[in-house]
Structure formats: structure tokens, C-alpha cells
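Participant: Quick one: sequence and predicted model below, then my questions.
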Amino acid sequence: MTIQPLGFSIGDWTPPIRPPAEPMIGQYCRLERLDPERDGRSLFDAYALDTKGRNWTYLPQGPFENYPDFLNWLSAMAKLDDPFFFTIIDAASQTGVGVASYLRITPPAGSIEVGHIHYSPLLQRKPAATEAMYLMMKQALNSAIGATSGNAMRSIPHPGSRLRDWVCLMKASSVRPQSTNNATVTRPGMLP
């Protein structure tokens, strides 16, 4: 059997650090580590605005009929390191309007995902929704490659940047060390 080459070897590559739990602050929102006591009521009320429960369709939990059940779930999620949950807090109202998490955090493989994204009706189709994803990706990429290549996000000055800027950054970030699994191939344009 011939082993498919995956590209050039990166001799001085070191695994990235996990993104920190520090707040991520933007113009329209900020993200803070999920705190059920601080965020529970505002999140429950914001999600309750979806009276048909459609926002829960593709999520592995909910909808929750009552606040105690929701708070129990939130408390369980807040204790986890993977997924690693953040509350999206609206800058104007200073209330929780959604959640998102880092998950499948695998520093030896240089891999991280953003998921468990749940935007309440107060966040959907708003600039804060886009900004929240920008802030999470910025922090993840700066944790992954910022230590070795300076500020990884200099090419993306603000969340209104064009898609081509994201694609260029994703292509640049697809370079990673040789995998120990010969079946794993990172395609250009895909995050590892």
C-alpha cells in the first residue's frame, strides 16, 4: 500500500492552546463563559419568544417547558470543557440572547469546531449574530496560530469583511502537521 502524501512537513509545529474563557467583546455583543445564575432567566425568556419551538429542531435538547428544567440543562453544560459554552450577550440590553460553544477541541490535531449555536429571535438576523461568530473564530484562530505567526486576524479587520477574506484565512489555516491517521486529508479551503 502506498501512503498518500499530505504535503510538506511542519517541523517546528506545536499544538495550539485551547481558547481561553475570557470575555470576547464586540460592538453589538459580547460573549462570556456560560453562567447559569447570571444568564439563565434572560436566555429562557429569549428562547420562549419562539412560540412554535422551531429553533430547537436541530438541537439535541429542548424545547424546555419550564425554567427549572432549562436551568438544570444549562448548569450541566456550564460544567463541561468540551463543549465549552459561551452566552451571547446583547450590547444594548445587556441580556443573554443566545449561546454557542467550542467543541471537539483537539489541540494535537490542531482542530476545533464552533457549534451548539442557538440564537433566540432577539438575535436572529441581527449584526450581533454575525459578530458573535466572528469573535469566536477570531479567538480560536488567534489561539491556534497567533502565537507562532503574530496576529492571525489582521487580514480581517472587522466582522463586515468580505467572504474572500475568510476563505483566504481558511486556506492559510489548513496547513497542519502530518496526521498520524493516513486516511485523514485536509483539503484546501477547509479548516482542519
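Facilitator: On my side now, so go ahead. Since we're looking at a predicted model, the values are computed, not measured.

Participant: how about the longest strand along the chain: buried residues?
Facilitator: Using DSSP state E, we find that the single longest strand of the chain is strand 96-106. Neighbour-count burial for strand 96-106 flags 96-102, 105 (criterion: 16 or more other C-beta atoms under 10 Å). C-beta: built from backbone N, CA, C; applies to glycine.

Participant: Dump the C-alpha coordinates for it into CSV.
Facilitator: Provided in CSV are the C-alpha atoms of strand 96-106 (Å, rounded to 0.1, in the frame of the first residue of the first chain):
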residue,chain,number,x,y,z
GLY,A,96,-28.3,36.9,27.1
VAL,A,97,-29.9,36.3,23.7
GLY,A,98,-28.2,33.1,22.6
VAL,A,99,-25.4,30.5,23.2
ALA,A,100,-22.6,29.0,21.2
SER,A,101,-19.8,26.7,22.1
TYR,A,102,-16.4,25.4,21.1
LEU,A,103,-16.4,21.7,20.7
ARG,A,104,-14.3,18.8,19.6
ILE,A,105,-11.3,20.7,20.8
THR,A,106,-8.3,18.6,19.8
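
Participant: Work out the gap between it and the centre of the chain.
Facilitator: Mean-position distance between strand 96-106 and its chain equals 5 Å (C-alpha atoms, centre = their mean, to the nearest Å).

Participant: Nothing else from me, thank you.
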